[in-house]
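Participant: pasting the structure only:
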Ligand code: HEM
């Protein structure tokens with residue numbers, strides 16, 4: 001895996017000479033390989049009374065499938081599902097990953113058996129440093145303190161609370177499209193990604209701390225994006241190599257590679273977020289920090305700090321990547337853009353303004369397009385992994401305690417039995433399910449429209465907020481602009497930039513041309 005290789009290469013040796021360390025490392029490596037081979041051989045001798053879970057063939061000794069996942073792991077796993085079925089087992093070094101591409105099975109695993117499958121896999125950075133030993137929501141284990149943080153997040157991000165922030169979300173979307181048009185007019189085209197990041201960061205920052213940034217040059221914006229990037233990188237499961245390959249912990253021990261991550265949290269993230277929380281208590285207007293106190297959530301200062309940093313980290317990239325796929329896909333579908341224009345214009349003609357989120361039922365085609373973009377190009381290949389903290393007996397399978405459980409987002413959203421002709425972009429497929437994504441995700445399995453927000457007790461707590469952000473940007477863009485390719489061609493929607501947790505389109509440029517027939 002590319003990131004894994006990069007991480008191994010990037011291990012620096014601040015205190016030891018490589019030559020001195022080499023014998024120790026070699027002995028440890030030999031011991032680990034011997035142990036791993038012994039386990040593989042001895043496990044092969046056992047008789048299984050449960051249904052066997054298929055393992056893709058391309059595994060190497062000791063590292064397993066770690067190096068077989070290719071440049072876009074989500075798509076490699078989708079190919080394996082096509083060959084081997086809805087549940088497959090990957091050997092990721094010494095870990096077992098169970099990947100699921102069938103929503104019914106995923107529902108049984110993550111919802112019906114949620115009590116056993118709602119842990120997060122252990123990641124040293126995410127748990128020990130970022131979450132200060134288990135605080136916050138995203139990477140903490142489902143214990144009493146997590147329940148308080150999760151209840152707090154659901155309360156401050158739920159539909160009732162998000163209503164307070166609707167005017168600001170609409171204002172940010174308007175600003176976003178102003179920037180797109182201005183840049184397209186001045187420079188001929190625009191790479192929308194940074195402006196999308198500013199848009200989603202401003203919404204998260206204003207919602208959480210009550211402030212916004214005027215430009216992407218603002219030092220606090222730059223600092224925050226750096227904190228988000230570094231955290232996302234270290235929190236990705238595959239970047240904690242010692243979890244997969246115990247040999248790497250020998251490097252960690254000798255070369256103290258943990259101290260860099262610890263320093264980052266203690267000397268960069270913590271003071272910065274502590275200050276933001278303090279300032280948020282004083283600023284005018286509503287914000288999450290104030291709501292946590294007003295709504296009586298019993299969080300310590302550190303718990304508030306970790307929770308707010310979880311929200312900023314989880315809420316920025318996810319929405320901007322979703323919108324960047326939406327723009328890239330629709331640039332290649334002018335016919336779809338024209339149908340969107342017609343629906344939006346009909347609303348604007350009778351109301352004199354763009355629709356608000358609570359008027360979405362008047363825009364069935366627009367809603368379907370938003371959902372189809374998310375189905376067609378899921379932004380997280382594997383969601384956020386869960387872990388089993390008990391042996392799991394499900395259908396005829398037995399999944400041992402300590403396994404990593406993952407829903408394979410690419411495969412699940414390309415199932416022909418749920419989405420006929422899945423490789424074709426067909427917005428109309430969602431016209432019969434116009435529920436909000438929030439209620440579809442939390443409703444019966446049969447009513448779910450897509451699975452991008454995860455499952456069960458750990459399901460994304462901010463679906464409503466995410467949906468309103470996507471909706472507001474969407475109606476602003478297509479009420480005012482047509483998205484056109486540049487002379488370099490259309491955005492490449494077959495390639496992908498694989499980040500730590502999300503998968504974005506390869507960087508591209510498009511033109512946001514003011515619609516000559518725009519009604520606003
Ligand atoms: C289109 C946008 C988004 C997508 C596709 C998305 C997707 C996800 C997924 C797949 C998970 C993991 C669920 C699981 O473990 O089964 C998750 C968790 C989470 N999301 Fe989102 N998300 C989005 C936007 C947001 C936003 C705007 C926020 C802002 C606050 C947010 C906050 C969180 C948090 C805090 C968690 C961790 C929940 C937990 O561990 O209990 N997400 N999200």
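Facilitator: That came through, no problem. Worth saying up front: this structure is predicted, and the values here are computed from it rather than measured.
Participant: give me the below-cutoff pLDDT ranges for the stretch 251-400 of the chain.
Facilitator: Applying pLDDT under 70 to the stretch 251-400 of the chain picks out residues 251-257.
Participant: now do the strands in it.
Facilitator: 386-387, 392-394, 397-399 (DSSP state E, counting those that start in this stretch).
Participant: do the stretch 401-520 of the chain as well
Facilitator: 404-407, 481-485, 497-498, 503-504, 510-514.
Participant: which of those sits most buried?
Facilitator: Among the strands of the stretch 401-520 of the chain, ranked by average contacts under mean count of other Cβ atoms under 10 Å, first place goes to strand 404-407 (a mean of 25). Every C-beta, even on glycine, is put in place using the N, C-alpha and C of the backbone.
Participant: sorry, back to before: can you redo the strands of the stretch 401-520 of the chain as TSV with mean pLDDT and distance to the ligand?
Facilitator: Listed next are the strands of the stretch 401-520 of the chain as TSV, based on pLDDT from 0 to 100; distance: least, Cβ to the nearest ligand atom, whole Å:
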stretch	mean pLDDT	distance to the ligand
strand 404-407	97	7
strand 481-485	98	19
strand 497-498	92	16
strand 503-504	96	11
strand 510-514	98	20
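Participant: dump those strands to CSV, plus distance to residue 93.
Facilitator: Putting the strands of the stretch 401-520 of the chain into CSV (distance: least, Cβ to Cβ, whole Å) gives the following:
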stretch, distance to residue 93
strand 404-407, 11
strand 481-485, 43
strand 497-498, 19
strand 503-504, 22
strand 510-514, 41
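Participant: nearest to residue 498, of the strands of the stretch 251-400 of the chain?
Facilitator: strand 386-387 (20.8 Å; Cβ to Cβ).
Participant: next one: the closest one to chain centre, how far?
Facilitator: Taking Cα atoms, centre = their mean, to the nearest Å, the mean C-alpha location of strand 386-387 is offset from the chain mean by 15 Å.
Participant: one more: stretch 505-520?
Facilitator: Using Cα atoms, centre = their mean, the offset of stretch 505-520 from its chain centre is 26 Å.
Participant: start to end distance for that stretch?
Facilitator: Using Cα to Cα, to the nearest Å, one end of stretch 505-520 lies 30 Å from the other.
Participant: which residues does it contact?
Facilitator: 177, 180-181, 183-184, 188-193, 324-325, 327-328, 331, 341, 345, 348-349, 353-354, 377, 477, 479-486, 488, 491-493, 495-497 (Cβ atoms under 8 Å, 6 or more residues apart in numbering).
Participant: which one of the strands of the stretch 251-400 of the chain lies closest to the ligand?
Facilitator: Distance to the ligand, taken as Cβ to the nearest ligand atom, is lowest for strand 386-387 among those, at 5.9 Å.
Participant: excluding chain neighbours, what is closest to the residue of the chain found nearest the ligand?
Facilitator: Going by Cβ to the nearest ligand atom, the ligand is nearest to residue 454 of the chain, at 2.3 Å. Excluding the flanking residues, the one nearest residue 454 by Cβ to Cβ, 6 or more residues apart in numbering is residue 383, at 4.7 Å.
Participant: repeat for residue 194
Facilitator: residue 216 is the one closest to residue 194 (Cβ to Cβ, 6+ apart), at 5.5 Å.
Participant: could you tell me whether the one you found really is in a helix?
Facilitator: No - with DSSP: H, G, I helix; E, B strand; the rest coil as the criterion, residue 216 is assigned coil and is not in a helix.
Participant: for this protein, which residues are neighbours of the ligand?
Facilitator: 137-138, 150, 153, 157, 310-311, 314-315, 318-319, 322, 379-380, 383-384, 386, 452-455, 458-462, 465-466 (Cβ under 6 Å from any ligand atom).
Participant: so for the helix ranked longest in the chain, what gets flagged as buried?
Facilitator: Ranked by residue count under DSSP state H, the longest helix found in the chain is helix 301-331. Residues of helix 301-331 classed as buried by neighbour count (16 or more other Cβ atoms under 10 Å): 302-331.
Participant: got the angle for it vs strand 510-514?
Facilitator: Calculated by axes from the mean of the first three to the mean of the last three Cα atoms, to 10 degrees, helix 301-331 forms an angle of 80 degrees with strand 510-514.
Participant: how far is helix 301-331 from where the chain is centred?
Facilitator: That offset, for helix 301-331, works out to 8 Å (Cα atoms, centre = their mean).
Participant: repeat for stretch 98-116
Facilitator: 19 Å.
Participant: stretch 297-317 now?
Facilitator: 16 Å.
Participant: and stretch 409-421, by the same measure?
Facilitator: With Cα atoms, centre = their mean, you get 19 Å for stretch 409-421.
Participant: please point out which parts of that stretch sit buried.
Facilitator: Under the neighbour-count criterion of 16+ other Cβ under 10 Å, stretch 409-421 has 409, 410, 411, 412, 413, 414, 418, 419 buried.
Participant: want to throw those residues into a markdown table with pLDDT?
Facilitator: A markdown table is the format used below for the buried residues of stretch 409-421 (pLDDT from 0 to 100):
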| residue | pLDDT |
| --- | --- |
| 409 | 97 |
| 410 | 95 |
| 411 | 96 |
| 412 | 97 |
| 413 | 97 |
| 414 | 96 |
| 418 | 95 |
| 419 | 97 |
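Participant: as CSV, the residues you listed with distance to residue 267 would be great.
Facilitator: Formatted as CSV, those follow (distance: Cβ to Cβ, whole Å):
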residue, distance to residue 267
409, 35
410, 38
411, 41
412, 41
413, 41
414, 44
418, 48
419, 47
